[in-house]
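Q: Sequence and predicted structure are below.
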Amino acid sequence: NAGVTQTPKFRVLKTGQSMTLLCAQDMNHEYMYWYRQDPGMGLRLIHYSVGEGTTAKGEVPDGYNVSRLKKQNFLLGLESAAPSQTSVYFCASSPRSWEQYFGPGTRLTVT
Amino acid sequence: QKEVEQDPGPLSVPEGAIVSLNCTYSNSAFQYFMWYRQYSRKGPELLMYTYSSGNKEDGRFTAQVDKSSKYISLFIRDSQPSDSATYLCAMTVNTNAGKSTFGDGTTLTVKP
């Protein structure tokens, strides 16, 4: 039981490049989330999903897109990376309101 | 003004001290109150949760919720160096698709 895994762990992009972050969970959770964490700003919700085939915007969705074609996977895409998207990205999954399981994070630097 | 405000810290205490970590909130609809622990360069992990008002104890950790004051606390007794981490409070309503609102975190260092 791996829990929540994220790929890749680190990435450096140039401004304007695109990339996809992959999140996978093996706990059969309905809810999945993408957050970014910046120093002094806590966790900010980018997008979330309440089930396979659904997505919704969170607090800071601009510049990101997501897809959840399979229940166990939640993809976060950056179409044209900007330096402001330099951050640590966390994926989480949840079986119920009060219990989120986080992945190990992806450290992204955009130069 | 943020929905959830957390004492910013950082906090540095000697081993064995009692630690108090605190958050205030403005949304009276919050029903579940959680504390996550995040070690350096790791993802957050759920430490404890409380439903509505009251206290909950788990070993050296006690979570306290006062809904009338919109104030929650996490107490750590007999703190250990292994407790050194960032602690995030989080809150949610039951019908909110599991979305939680997080505080910015308080970084705790317990010195041996």
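A: Perfect, I can see it now.
Q: How about the contacts made by the most centrally placed residue in chain A?
A: Centroid-nearest residue in chain A: A:Trp34, 3.1 Å away (criterion: Cα atoms, centre = their mean). Counting by Cβ atoms under 8 Å, 6 or more residues apart in numbering or on different chains, A:Trp34 touches A:21, A:23, A:45-48, A:58, A:64, A:66, A:74, A:76, A:89-91. C-beta here means a position set from N, CA and C on the backbone, and glycine is covered the same way.
Q: Any of those buried? List them.
A: Among these, the ones that count as buried by 16 or more other Cβ atoms under 10 Å in any protein chain shown are A:21, A:23, A:45-48, A:58, A:64, A:66, A:74, A:76, A:89-91.
Q: As CSV, could you dump the C-alpha coordinates of the longest strand seen in chain A?
A: Taking DSSP state E as the criterion, chain A has its longest strand at strand A:87-96. Extracted in CSV, the C-alpha atoms of strand A:87-96 (Å, rounded to 0.1, in the frame of the first residue of the first chain):
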residue,chain,number,x,y,z
SER,A,87,6.7,26.3,-5.5
VAL,A,88,6.3,22.9,-3.8
TYR,A,89,3.2,21.1,-5.1
PHE,A,90,1.3,18.6,-2.9
CYS,A,91,-1.3,16.2,-3.9
ALA,A,92,-3.8,14.8,-1.4
SER,A,93,-6.6,12.3,-1.4
SER,A,94,-9.4,11.9,1.1
PRO,A,95,-12.2,9.4,2.0
ARG,A,96,-14.1,12.0,4.1
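Q: contacting residues around that strand?
A: By Cβ under 8 Å, 6+ apart, strand A:87-96 touches A:4, A:6, A:21, A:23, A:25, A:27-38, A:43, A:46, A:74, A:76, A:100-103, A:105-108, B:43-44, B:98.
Q: All the strands of chain B, in order from the start?
A: B:4-6, B:11-14, B:19-25, B:32-38, B:45-51, B:54-58, B:61-66, B:71-76, B:85-92, B:101-102, B:106-111.
Q: Chain A contacts on chain B?
A: B:6, B:31-32, B:34, B:36, B:41-46, B:49, B:51, B:88, B:90, B:92-100, B:102-105 (Cβ under 8 Å from any Cβ of the partner chain).
Q: show me where pLDDT drops low in chain B?
A: For chain B, the stretches with pLDDT under 70 are B:96.
Q: Could you rerun that using 80?
A: In the predicted model of chain B, residues B:1, B:94-98 satisfy pLDDT under 80.
Q: quick revisit: could you dump the buried ones among the contacts of A:Trp34 to JSON lines with pLDDT, distance to B:Gln64 and secondary structure?
A: As requested, the buried ones among the contacts of A:Trp34 are exported to JSON lines (pLDDT from 0 to 100; distance: Cβ to Cβ, whole Å; DSSP: H, G, I helix; E, B strand; the rest coil):
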{"residue": "A:Leu21", "pLDDT": "98", "distance to B:Gln64": "37", "secondary structure": "strand"}
{"residue": "A:Cys23", "pLDDT": "98", "distance to B:Gln64": "33", "secondary structure": "strand"}
{"residue": "A:Leu45", "pLDDT": "94", "distance to B:Gln64": "26", "secondary structure": "strand"}
{"residue": "A:Ile46", "pLDDT": "97", "distance to B:Gln64": "31", "secondary structure": "strand"}
{"residue": "A:His47", "pLDDT": "97", "distance to B:Gln64": "33", "secondary structure": "strand"}
{"residue": "A:Tyr48", "pLDDT": "94", "distance to B:Gln64": "29", "secondary structure": "strand"}
{"residue": "A:Gly58", "pLDDT": "93", "distance to B:Gln64": "29", "secondary structure": "coil"}
{"residue": "A:Tyr64", "pLDDT": "98", "distance to B:Gln64": "37", "secondary structure": "strand"}
{"residue": "A:Val66", "pLDDT": "98", "distance to B:Gln64": "36", "secondary structure": "strand"}
{"residue": "A:Phe74", "pLDDT": "98", "distance to B:Gln64": "34", "secondary structure": "strand"}
{"residue": "A:Leu76", "pLDDT": "98", "distance to B:Gln64": "36", "secondary structure": "strand"}
{"residue": "A:Tyr89", "pLDDT": "98", "distance to B:Gln64": "32", "secondary structure": "strand"}
{"residue": "A:Phe90", "pLDDT": "98", "distance to B:Gln64": "27", "secondary structure": "strand"}
{"residue": "A:Cys91", "pLDDT": "98", "distance to B:Gln64": "30", "secondary structure": "strand"}
